[in-house]
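Participant: Curious how this folds, go ahead:
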Amino acid sequence: MLNHITIMGRLVADPDMRTTPSGAAVTTMRLAVDRDFKNKQTGEKETDFITVVAWRQTAEFVSRYFTKGRLAVVEGRLQIRPYTDRDGNKRTAAEVVAGSVYFGDSQKGGDSANTSQEYQKPAQQSAGFQEVDDDGDFPF
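Facilitator: Predicted coordinates:
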């Protein structure tokens, strides 16, 4: 049997990292994932908000480098988890358990939502290295 899912979307809030009693890091985040098709009545694309759970090193990586608005690519498995709500009703929650999380955008790019940390050129160059102007003649 196969349970593999890949999604790409933007974080709707900063990731929430916690630690289990045994010391394992766990991070929860929600991604806004656009559907590939438009709604026939409205003509607009609809968006699904998907909960993603990452564990251990992946949880620490996500917590450290991802913020609200960043585009993330998540590979993992779909998990359906039963729970009881505050009123005692039995419910189920669908979530993606992340195996790998990748950047879907560039932090330097103008499309990045993290504009408060813009890329800045270093004040001085390292000894022995000079910046080269690219006039288009480089073969790469």
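Participant: distance of Glu46 from Gln79?
Facilitator: 23 Å (Cβ to Cβ, to the nearest Å). The C-beta positions use only the backbone N, C-alpha and C, and glycine is treated the same way.
Participant: same check, this time on Met1
Facilitator: Taking Cβ to Cβ, one finds Met1 at 14 Å from Gln79.
Participant: who has more neighbours, these two?
Facilitator: Legend: neighbour count by other Cβ atoms under 10 Å for Met1 and Gln79, higher for Gln79 (14 against 2).
Participant: Just list whatever residues bridge to that one.
Facilitator: Glu95 (DSSP bridges).
Participant: Low-confidence ranges, the chain, go.
Facilitator: Applying pLDDT under 70 to the chain picks out residues 108-140.
Participant: can we see that at 80?
Facilitator: 107-140 (pLDDT under 80).
Participant: Could I get the full set of helices for it?
Facilitator: Under the criterion DSSP state H, the chain contains helices at 56-65.
Participant: Closest to the centroid, which residue in it?
Facilitator: Among the residues of the chain, Ala72 comes closest to the average C-alpha position under Cα atoms, centre = their mean, at 3.0 Å.
Participant: Any figure for the gap between that one and Met1?
Facilitator: 26 Å.
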